[in-house]
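Q: When you get a sec, could you give me coordinates for this:
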Amino acid sequence: MTTNPSNKREPSRNTRQVVLDAALETFIDLGYQGTSMAHVAEKAGVIKQTIYRYFDNKEALFREIITCSTVDVVRNELKAVTNQKLSTQAKLRKVAETIMGRHKNPQFTKLIRTIIAESGRFPELGQLFSSATIKPGLDLIVHILGEDPTYKIPDPEAFARVFIGSIVNFCTHQYLLRGSEYLPFDQERLIGELLRLVEMQRVGA
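A: Here you go, the predicted model:
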């Protein structure tokens, strides 16, 4: 009897995702320090050895959660955009809307709060988040601007930090600090102003 290889791999992928979903909920509920592999295993309904098949330790598991919840989402949503014949302005708008849209997800917001709360005792979490999310975002902006010769920006990295920093600050205030309840601000106004700043860097503008 011949076994279909895809049928053998599918349960592994499903189990891995079950572990990640359970780990995300556990980290949010118990924090990084309070979470153990045993807690995740209990939440996922598996034994600890199953988790270690996929992840060497708790840090590796948390890193994967951050990557799946941030970098992979943004990358997947932007992949088609960056491959299309869109204007630089359209690509930058998509970046901004993707980041803002992600912060509207309550579970993602809880994850960010967990990282912030635990980063004092575990500085590696801040480093992990920056390397997994902030740096790729900055690199993407620099890449988009570098692809278009009609823009001449003296310091692309600094400009990318202004662009991303403005978006992150907006999201932090509106969603993490609940500013949308007492000091709301239309995200389109912010995006429009950022794109006007970009347009000012066009040659001959």
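Q: Mark out where each domain of the protein begins and ends.
A: Annotated domains of the chain cover 1-55, 57-199 [automatic domain parsing].
Q: Comparing these, which yields the minimum mean pLDDT?
A: Of all the domains of the chain, domain 1-55 carries the lowest average pLDDT, namely a mean of 82.
Q: Thought K94 was touching I141, still the case?
A: No: I141 lies out of contact with K94 (C-beta atoms under 8 Å); the separation is 11.6 Å. Just so you know, the C-beta spots here come from the backbone N, C-alpha and C atoms, and that holds for glycine as well.
Q: These two: which is more packed in?
A: Comparing I141 with K94 by other C-beta atoms under 10 Å, the one with more neighbours is I141, at 22 against 19.
Q: Next secondary structure element downstream of the helix of greatest length in the chain?
A: The longest helix of the chain (DSSP state H) is helix 5-34. Next in sequence after helix 5-34, counting helices and strands by DSSP states H and E, comes helix 37-44.
Q: Please spell out which residues along the following helix or strand past that following helix are buried.
A: Per DSSP H and E, the first helix or strand lying C-terminal to helix 37-44 is helix 48-52. Residues of helix 48-52 classed as buried: T50, I51 (neighbour count, 16 or more other C-beta atoms under 10 Å).
Q: For helix 48-52, give me every contacting residue.
A: Defining contact as C-beta atoms under 8 Å, 6 or more residues apart in numbering, one finds that helix 48-52 is touched by T15, V19, M37, A38, V40, A41, A44, L61.
Q: in this protein, which residue is closest to the centre?
A: By C-alpha atoms, centre = their mean, the mean C-alpha position of the chain lies nearest to T70, the distance being 1.9 Å.
Q: now that one, nearest residue through space, not along the chain?
A: Ranked by C-beta to C-beta, 6 or more residues apart in numbering and with sequence neighbours excluded, the top spatial neighbour of T70 is T133, at 4.4 Å.
Q: What is the neighbour count of P123?
A: P123, neighbours per other C-beta under 10 Å, totals 10.
Q: which phi and psi does D155 have?
A: With angles defined as degrees, to the nearest 10, D155 shows backbone torsions of phi -130, psi 90.
Q: ok, it to V18 distance?
A: In this view, D155 and V18 are 45 Å apart by C-beta to C-beta, to the nearest Å.
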